[in-house]
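Asker: build the 3D model from these lines:
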Amino acid sequence: MVHIKTLPIVNSLIISEGNKCIGVYNEDDENKNKFCEYDINNNDVKYFPLISDDENIFYPKSDKGVYFISHTVFDEDGDFRYEVLKLYDKVTLDLKYEIPISKLIKDWEEDSNILECAELDEDKILIIFEVSPLDFSLKDLFSNDEVDTYLYISIYDVKEEKFDMLKKIEGDFYNIDFYRHENIIKFIEDNDEEDDIIYSYKLSDNYEELTLEKEEIKKINIINREEGNDFYFVDKDFGLEIIHKYYKKNRKACNVYKSLKTGNEFYTQQIKMFDDTDYEIIKNMDLLLISESRGNSGYLHIYEKDDDFVFIQTLGCEGLPDICNYEEYGIITAEDENGTMILREK
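Answerer: Below you'll find the model as predicted:
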């Protein structure tokens, strides 16, 4: 069974072994739009000296040593101005460092994204980020060729206020993580046509060199195929097939969810073209979560996999619920415009 708890937090990040959440407080009171640390178990709240509004958007990034917050600043017309990385003390929540990252890195673009941060010592900060160039044409946008994305591994010197770029790698990567006690950086390269590759890099004790220690194949038992306009996703380990069917004449589509073991179609989702739809497979909890939006309304459908897929419940949301799996904590979050739902096993 799944236990569900809703927190009044948006832009959320689960931390502290799944016991705390940091993000923007969203209750209609004097603390609305303040950045905060929320204790999931006893509902205690501590507030940062930081307030979010239409021109200032904050996203928490990590809690390794200090809290890292990516702060995007827009002008009055809603256009991007600059990006600042802010570091806060984990105990007092006071501001420790403020790094104008978009102004210091010449390759920085509006859609660049900070992926991982860690305070190495008082003077050095590890910052890993990705950059996708914005100067591509509409022809590039609608072609089958992917826009080049680069992963940067860098060290920021607090005293000298400058970056040392240790590594720049082209490709699409996910599950980027830094293991502080071992000084190991791990990430996985997403290969569409081949198996994904897991990389492990060792950061030297003086933080000046990066050495590739291990490269291994990540075997996945997933099949993607296309037949005509239809797309098929098959996960044999989880026993699931999803068929995405297009109907171009009336600009509609549907997702058919099918159990491989029984052949039963347990859920068919009818959607208009370009409406939002998503799903997440939670293998460690034997769950399938399906999120969808219909106009201003959103829904989260929860299925539990046993011998077959069994419907549990549907939760109403404001907008499309964004699903995130914190597998290391045994927690799933589904965030909408109002707050964050915490799903965990009872």
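Asker: where does the stretch 1-150 of the chain dip in pLDDT?
Answerer: 53-58, 63, 133-147 (pLDDT under 70).
Asker: at which residues are the strands of it located?
Answerer: Under the criterion DSSP state E, counting those that start in this stretch, the stretch 1-150 of the chain contains strands at 2-7, 9-15, 20-25, 34-39, 45-51, 56-62, 67-74, 80-88, 95-99, 113-119, 124-131, 150-157.
Asker: of all those, which one is nearest Glu209?
Answerer: Taking Cβ to Cβ, strand 150-157 is the member of the strands of the stretch 1-150 of the chain nearest to Glu209, at 10.3 Å. Placement of C-beta: from N, CA and C, glycine included.
Asker: now tabulate the strands of the stretch 1-150 of the chain in TSV and tack on mean neighbour count.
Answerer: Formatted as TSV, the strands of the stretch 1-150 of the chain follow (neighbours: other Cβ atoms under 10 Å):
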stretch	mean neighbour count
strand 2-7	14
strand 9-15	22
strand 20-25	23
strand 34-39	20
strand 45-51	15
strand 56-62	19
strand 67-74	20
strand 80-88	19
strand 95-99	16
strand 113-119	20
strand 124-131	21
strand 150-157	19
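Asker: quick check: which of the ones you listed is nearest to Glu337?
Answerer: strand 9-15 (7.2 Å).
Asker: run through who's touching the closest one.
Answerer: Residues outside strand 9-15 that contact it (Cβ atoms under 8 Å, 6 or more residues apart in numbering) are 20-26, 36, 38, 40, 52, 57-61, 63, 324, 326, 329, 331, 333, 335, 337-340, 342.
Asker: looking at this protein, which residue lies furthest from center?
Answerer: Relative to the centre of the chain, the most outlying C-alpha is that of Lys249, 34.5 Å out, by Cα atoms, centre = their mean.
Asker: for Glu337, see how far away that one is.
Answerer: Distance of Lys249 to Glu337, computed by Cβ to Cβ, to the nearest Å: 33 Å.
Asker: then Lys283?
Answerer: For Lys283, the distance to Glu337 - Cβ to Cβ - is 28 Å.
Asker: tell me where the stretch 101-250 of the chain has helices.
Answerer: Assigned by DSSP state H, counting those that start in this stretch, the helices in the stretch 101-250 of the chain fall at 101-104, 138-141.
Asker: okay, the first one in PDB with CA atoms only?
Answerer: Think helix 101-104. Extracted in PDB, the C-alpha atoms of helix 101-104 (Å, rounded to 0.1, in the frame of the first residue of the first chain):
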ATOM      1  CA  ILE A 101      27.800  31.800 -12.800                       C
ATOM      2  CA  SER A 102      26.300  33.100 -16.100                       C
ATOM      3  CA  LYS A 103      28.600  36.100 -16.100                       C
ATOM      4  CA  LEU A 104      31.800  34.100 -15.300                       C
END
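Asker: quick one: buried residues of that helix?
Answerer: Across helix 101-104, burial judged by 16 or more other Cβ atoms under 10 Å covers Ile101, Ser102.
Asker: which strands or helices does it pack on?
Answerer: Secondary-structure packing of helix 101-104 (3 or more Cβ pairs under 8 Å, 6 or more residues apart in numbering; DSSP states H and E): strand 80-88.
Asker: residues near the nearest residue to Asn191 once chain neighbours are set aside, how many?
Answerer: Nearest residue to Asn191, sequence neighbours excluded (Cβ to Cβ, 6 or more residues apart in numbering): Ile197, at 6.7 Å. Number of residues near Ile197 (other Cβ atoms under 10 Å) recorded here: 16.
Asker: report the contact partners of Ile197.
Answerer: Ile197 touches Ile188, Glu189, Asn191, Glu215, Glu216, Ile217, Lys218, counting by Cβ under 8 Å, 6+ apart.
Asker: before we move on, what about Leu126?
Answerer: Contacts of Leu126 by Cβ under 8 Å, 6+ apart are 116-120, 153-156, 178, 185, 203, 207.
Asker: please apply the same query to Phe163.
Answerer: Residues counted as contacts of Phe163 (Cβ under 8 Å, 6+ apart) are Leu104, Ile105, Ile127, Ser154, Ile155, Tyr156, Asp157.
Asker: let's go with 10 Å and repeat that
Answerer: The contact partners of Phe163, taken as Cβ atoms under 10 Å, 6 or more residues apart in numbering, are Ile99, Ile101, Leu104, Ile105, Lys106, Ile125, Ile127, Tyr152, Ser154, Ile155, Tyr156, Asp157.
Asker: any idea how far Glu130 is from the spatially closest residue to it that is not a sequence neighbour?
Answerer: Excluding the flanking residues, the one nearest Phe163 by Cβ to Cβ, 6+ apart is Ser154, at 4.9 Å. Distance of Ser154 to Glu130, computed by Cβ to Cβ: 12 Å.
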